[in-house]
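**Q** Take a look and give me a structure for this.
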Amino acid sequence: MLELKQVDHLRLATDVPEALAGQLKTGDSVFFYTSAFPGKKMTGFLSRKSDNVNLQFRSERIEADINNNEGILSPGMYADVVLKSKGNMKAFAVEKSAVVTSTERKYVLIVRNNKIQKEDVMTGNETKDKIEISGNFKEGERIIINANDEIKEGIEVK
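**A** Purely as a prediction, here's the structure:
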(Lines give C-alpha, C1' and ligand atoms only; values in the text may rest on other atoms or scores of the structure.)
Protein backbone atom coordinates (compact mmCIF):
# COMPACT_ATOMS: atom_id res chain seq x y z
CA MET A 1 0.00 0.00 0.00
CA LEU A 2 1.28 3.45 -0.90
CA GLU A 3 0.14 6.79 0.49
CA LEU A 4 1.10 9.95 -1.39
CA LYS A 5 1.32 13.29 0.37
CA GLN A 6 2.08 16.67 -1.12
CA VAL A 7 3.95 18.54 1.62
CA ASP A 8 4.75 21.80 -0.21
CA HIS A 9 1.04 22.63 -0.46
CA LEU A 10 -1.12 21.75 2.57
CA ARG A 11 -4.81 22.16 3.22
CA LEU A 12 -6.06 23.37 6.61
CA ALA A 13 -9.64 22.29 7.35
CA THR A 14 -11.61 23.74 10.26
CA ASP A 15 -15.19 24.27 11.33
CA VAL A 16 -16.33 27.82 12.04
CA PRO A 17 -19.57 29.07 13.67
CA GLU A 18 -22.25 29.75 11.09
CA ALA A 19 -22.49 33.43 12.10
CA LEU A 20 -18.81 33.86 11.22
CA ALA A 21 -18.90 31.66 8.12
CA GLY A 22 -21.30 34.09 6.46
CA GLN A 23 -18.67 36.84 6.70
CA LEU A 24 -15.87 34.80 5.10
CA LYS A 25 -15.09 34.70 1.40
CA THR A 26 -12.61 32.94 -0.86
CA GLY A 27 -9.20 34.58 -0.67
CA ASP A 28 -9.54 35.80 2.94
CA SER A 29 -6.47 35.37 5.13
CA VAL A 30 -6.53 32.60 7.72
CA PHE A 31 -4.00 32.83 10.54
CA PHE A 32 -2.93 29.88 12.64
CA TYR A 33 -0.43 28.69 15.23
CA THR A 34 0.97 25.21 15.82
CA SER A 35 2.35 23.70 19.02
CA ALA A 36 5.50 22.74 17.08
CA PHE A 37 6.31 26.45 16.58
CA PRO A 38 4.94 28.31 19.64
CA GLY A 39 4.24 31.98 18.99
CA LYS A 40 4.93 31.75 15.26
CA LYS A 41 1.97 33.19 13.35
CA MET A 42 1.42 31.42 10.03
CA THR A 43 -0.88 32.36 7.18
CA GLY A 44 -3.04 30.62 4.62
CA PHE A 45 -5.82 31.70 2.31
CA LEU A 46 -9.43 30.56 2.34
CA SER A 47 -9.82 28.40 -0.74
CA ARG A 48 -13.24 26.81 -0.26
CA LYS A 49 -16.32 26.69 1.93
CA SER A 50 -18.58 23.69 2.23
CA ASP A 51 -21.74 25.85 1.99
CA ASN A 52 -23.31 23.28 4.30
CA VAL A 53 -24.08 23.96 7.97
CA ASN A 54 -23.59 21.14 10.46
CA LEU A 55 -26.98 21.17 12.21
CA GLN A 56 -25.63 19.68 15.44
CA PHE A 57 -22.87 22.24 15.98
CA ARG A 58 -24.22 25.14 13.84
CA SER A 59 -20.87 25.35 12.07
CA GLU A 60 -19.54 25.24 8.53
CA ARG A 61 -16.38 23.52 7.28
CA ILE A 62 -13.87 25.78 5.54
CA GLU A 63 -10.53 24.94 3.94
CA ALA A 64 -7.46 27.12 3.56
CA ASP A 65 -4.48 26.53 1.30
CA ILE A 66 -1.12 26.70 3.07
CA ASN A 67 2.14 27.28 1.21
CA ASN A 68 4.70 24.97 2.82
CA ASN A 69 7.62 25.33 0.38
CA GLU A 70 10.09 25.33 3.28
CA GLY A 71 8.69 22.01 4.50
CA ILE A 72 8.40 23.09 8.15
CA LEU A 73 4.81 21.86 8.52
CA SER A 74 3.80 18.22 8.42
CA PRO A 75 0.46 16.76 7.34
CA GLY A 76 -1.72 15.99 10.36
CA MET A 77 -0.35 18.75 12.60
CA TYR A 78 -2.87 20.37 14.93
CA ALA A 79 -3.44 24.12 14.43
CA ASP A 80 -5.12 26.86 16.47
CA VAL A 81 -6.93 29.00 13.89
CA VAL A 82 -7.54 32.74 14.26
CA LEU A 83 -10.06 34.37 11.92
CA LYS A 84 -10.74 38.07 11.62
CA SER A 85 -14.37 38.99 12.03
CA LYS A 86 -16.37 42.16 11.85
CA GLY A 87 -18.17 42.71 15.12
CA ASN A 88 -21.84 43.51 15.54
CA MET A 89 -22.07 47.25 16.23
CA LYS A 90 -25.36 46.74 18.11
CA ALA A 91 -23.98 44.00 20.38
CA PHE A 92 -22.79 44.47 23.94
CA ALA A 93 -19.60 42.96 25.30
CA VAL A 94 -19.89 41.20 28.67
CA GLU A 95 -17.75 38.88 30.77
CA LYS A 96 -17.99 35.31 29.47
CA SER A 97 -19.11 34.21 32.93
CA ALA A 98 -22.31 36.27 32.48
CA VAL A 99 -23.63 33.99 29.71
CA VAL A 100 -25.32 30.76 30.78
CA THR A 101 -25.49 28.01 28.16
CA SER A 102 -27.89 25.15 28.80
CA THR A 103 -29.10 22.41 26.50
CA GLU A 104 -32.16 24.49 25.65
CA ARG A 105 -30.85 28.04 25.41
CA LYS A 106 -28.24 30.76 26.00
CA TYR A 107 -29.19 33.55 28.36
CA VAL A 108 -28.03 36.22 30.77
CA LEU A 109 -29.49 37.12 34.14
CA ILE A 110 -30.73 40.72 34.16
CA VAL A 111 -31.89 42.70 37.18
CA ARG A 112 -35.19 44.43 36.34
CA ASN A 113 -37.38 46.03 38.98
CA ASN A 114 -34.99 44.60 41.60
CA LYS A 115 -35.73 41.02 40.47
CA ILE A 116 -33.69 38.59 38.39
CA GLN A 117 -34.98 37.71 34.93
CA LYS A 118 -33.55 35.33 32.35
CA GLU A 119 -33.08 36.98 28.97
CA ASP A 120 -32.20 34.90 25.90
CA VAL A 121 -29.16 36.11 23.96
CA MET A 122 -27.32 35.41 20.77
CA THR A 123 -23.55 35.37 21.11
CA GLY A 124 -20.98 36.65 18.67
CA ASN A 125 -17.27 37.36 18.67
CA GLU A 126 -15.29 36.63 21.78
CA THR A 127 -11.94 37.38 23.29
CA LYS A 128 -10.13 35.66 26.13
CA ASP A 129 -12.57 37.01 28.75
CA LYS A 130 -15.36 38.89 26.90
CA ILE A 131 -18.16 37.85 24.54
CA GLU A 132 -20.56 39.82 22.35
CA ILE A 133 -24.24 39.39 23.14
CA SER A 134 -27.39 40.73 21.56
CA GLY A 135 -30.95 40.35 22.75
CA ASN A 136 -33.88 42.13 24.35
CA PHE A 137 -32.09 44.42 26.81
CA LYS A 138 -30.93 48.01 26.98
CA GLU A 139 -27.73 49.82 27.80
CA GLY A 140 -27.52 50.51 31.51
CA GLU A 141 -29.40 47.39 32.65
CA ARG A 142 -27.57 45.38 35.29
CA ILE A 143 -26.39 41.88 34.36
CA ILE A 144 -25.22 39.24 36.82
CA ILE A 145 -21.53 38.65 35.99
CA ASN A 146 -21.06 35.24 37.67
CA ALA A 147 -24.27 33.68 36.42
CA ASN A 148 -25.21 30.02 36.54
CA ASP A 149 -28.16 27.71 35.95
CA GLU A 150 -28.93 27.46 39.67
CA ILE A 151 -29.85 31.14 40.08
CA LYS A 152 -33.65 31.29 39.77
CA GLU A 153 -35.80 33.97 38.18
CA GLY A 154 -37.74 36.21 40.54
CA ILE A 155 -35.08 36.39 43.27
CA GLU A 156 -35.05 39.89 44.73
CA VAL A 157 -31.85 41.90 44.35
CA LYS A 158 -31.13 45.22 46.05
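
**Q** what's the next secondary structure element after the lowest-mean-pLDDT helix or strand in the chain?
**A** Among the helical and strand segments of the chain, the one scoring lowest on mean pLDDT, DSSP states H and E is helix 18-21, with a mean of 84. Scanning the chain past helix 18-21 towards its C-terminal end, the next helix or strand to appear is strand 29-34 (assignment: DSSP states H and E).

**Q** what's the angle between the next helix or strand after that following strand and strand 29-34?
**A** Along the chain past strand 29-34, the next helix or strand (assigned with DSSP H and E) turns out to be strand 42-54. Interaxial angle, strand 42-54 versus strand 29-34 (axes from the mean of the first three to the mean of the last three C-alpha atoms, to 10 degrees): 100 degrees.

**Q** just checking, what packs against strand 42-54?
**A** With contacts defined as 3 or more C-beta pairs under 8 Å, 6 or more residues apart in numbering; DSSP states H and E, the secondary structure elements packing on strand 42-54 are strand 9-17, helix 18-21, strand 29-34, strand 59-67. In this view, the C-beta of every residue, glycine as well, is placed from N, C-alpha and C.

**Q** Could you identify which of these has the lowest mean pLDDT?
**A** Between the helices and strands packed on strand 42-54, the lowest average pLDDT goes to helix 18-21, which shows a mean of 84.

**Q** Lys158: neighbouring residues, count only.
**A** Other residues within reach of Lys158 by the criterion other C-beta atoms under 10 Å amount to 4.

**Q** if we can go back for a sec, out of the helices and strands packed on strand 42-54, which gets nearest to Glu132?
**A** Nearest of the helices and strands packed on strand 42-54 to Glu132, taken as C-beta to C-beta: helix 18-21 at 9.9 Å.

**Q** In the closest one, which residues are buried?
**A** Neighbour counts over helix 18-21 (16 or more other C-beta atoms under 10 Å) mark 19-21 as buried.
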